[in-house]
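**Q** Return atomic coordinates for the entry below.
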Amino acid sequence: MTTPHPLSRRDFVRLMSAGAAVAAAGMPADASAEAPAARPGRPLGVALLGLGNYAETELAPSLQETRFCRLAGLVSGHPEKAARWARQYGVPAKNIYNYENFDRIARNPDIDIVYVVTPPALHREYVVRAAKAGKHVISEKPLATSVADCDAMIAACRDAGVRFSVGYRLFFDPYHAELRRLAKDGDYGPLNRMSGKFCFVAPGWIWRIDKRLAGGGPMMDLGIYLIQASCMAQNGATPVAVTARELPKKNPKLFTEVEETMWFGLEFAGGGRFEGLTSFNRGGNDYEAAGPGGWIKFQSAFSYRGIACETSDRGALRFPTPVHQQARQMDDFAQCVLTGRATPVPGEMGRRDIRIISAIYEAARTGQRVPL
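**A** Purely as a prediction, here's the structure:
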């Protein structure tokens, strides 16, 4: 995967104003993922950096459901949007920043955590700046557009002594937690046969098809979920090799910079094999992992709401409906900050996935199997 051209803040604001983000629908998270701990004297203050579609429709509403953190700050290049959000959520004017004066957040004791929700090309800059400001950081996925950027972000948080996590919401979903449990406990033996798709049809220009902003196409935005699920099914293992093939474009006038559809395969040391598809011009949202003794299958596998899951021996699974996945995710990170325990979705996990995606792009380019 080639590194995109540098992106200025002016470019970012212009491009974000030109097109709306498209988000997949989903389902809430795993109540069991929340670690018991004493509540702080006050919930930890979270500043959302980037007030796009995901922040508006998922993160801000989720922060109304959290127990250990709250929406306390806003960072946006659009003053009118920040003012509207401030009125809606009761954020004081002193806790509103833009991208130029953001570093002043270091002097604001109301803010404990910065959640970076910009397109991936800007993650490095704002994660590093947030860490230097002494704030704990969550970066939305994918972590960055290159492994080198991931390394810089991880190092900046380590050097500043702040916690760093990736916005992997599905780690806190009960159905995906069941996939991890099956992999760990071996109910069906090794889950070595895996397959899945995650796709949607882009309605036109979206920032996700601008390589400078996104770093790639559906592989970066959607395929990463397939990678995550497959690593979960392998008890957290990393693939040892990848194969990939970019499929012919049905709409080459729209997809001028990034792939439209990608088939890829993952090979694991224990014999596990995944084959799947990701696309911005077709449908699909399913995942299956099977072993010699049974299988688990997902429909709406990677959605915010409405995930359906069944197993070969228990049929359809039903979990109590908890709050949003993102609320569990952010509360878990707040607990990590408060208690000192490690986050289950650290920056190193995000780096792992960017390394895998980089190898997939290389495999697609060369037509060769690429070892990791």
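**Q** Please list the residues outside the helix of greatest length in the chain that contact it.
**A** Secondary structure of the chain read by DSSP state H shows that its longest helix is helix 347-366. For helix 347-366, contacts defined as Cβ atoms under 8 Å, 6 or more residues apart in numbering pick out 1, 139, 141-147, 150-151, 153-154, 157, 164-166, 168, 216, 219-220, 223-224, 227-228, 231, 238-239, 242-246, 259, 262, 264, 266, 369-370, 372. Quick note: C-beta positions are derived from backbone N, CA and C, even for glycine.
**Q** List only buried entries from these.
**A** Buried members of those, scored by 16 or more other Cβ atoms under 10 Å, are 1, 139, 141-147, 150-151, 153-154, 157, 164-166, 168, 216, 219-220, 223-224, 227-228, 231, 238-239, 242-244, 246, 259, 262, 264, 266, 370.
**Q** Tell me which of those fall in helices.
**A** Short answer: those in helices (DSSP H) are Val147, Cys150, Asp151, Met153, Ile154, Cys157, Ile224, Ile227, Gln228, Cys231.
**Q** And these, which is closest to Arg70?
**A** Cys157 (22.0 Å; Cβ to Cβ).
**Q** Could the C-alpha coordinates of the longest helix of the chain be exported in PDB?
**A** C-alpha atoms of helix 347-366 as PDB (Å, rounded to 0.1, in the frame of the first residue of the first chain):
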ATOM      1  CA  GLY A 347      -2.700   0.700  19.600                       C
ATOM      2  CA  GLU A 348      -0.600  -2.400  18.900                       C
ATOM      3  CA  MET A 349      -3.700  -4.300  17.700                       C
ATOM      4  CA  GLY A 350      -4.500  -1.400  15.300                       C
ATOM      5  CA  ARG A 351      -0.900  -1.600  14.100                       C
ATOM      6  CA  ARG A 352      -1.200  -5.300  13.500                       C
ATOM      7  CA  ASP A 353      -4.200  -4.800  11.300                       C
ATOM      8  CA  ILE A 354      -2.600  -2.100   9.200                       C
ATOM      9  CA  ARG A 355       0.400  -4.300   8.700                       C
ATOM     10  CA  ILE A 356      -2.000  -7.100   7.500                       C
ATOM     11  CA  ILE A 357      -3.800  -4.700   5.200                       C
ATOM     12  CA  SER A 358      -0.500  -3.400   3.800                       C
ATOM     13  CA  ALA A 359       0.400  -7.000   2.900                       C
ATOM     14  CA  ILE A 360      -3.000  -7.500   1.300                       C
ATOM     15  CA  TYR A 361      -2.400  -4.500  -1.000                       C
ATOM     16  CA  GLU A 362       1.000  -5.900  -1.900                       C
ATOM     17  CA  ALA A 363      -0.400  -9.300  -2.600                       C
ATOM     18  CA  ALA A 364      -3.100  -7.700  -4.900                       C
ATOM     19  CA  ARG A 365      -0.500  -5.600  -6.700                       C
ATOM     20  CA  THR A 366       2.000  -8.500  -7.300                       C
END
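**Q** Pretty sure Thr243 is one of the things Leu372 touches, is it not?
**A** No: in this structure, Leu372 is not within contact of Thr243 by Cβ atoms under 8 Å, at 11.7 Å.
**Q** Nice, that's everything, thank you.
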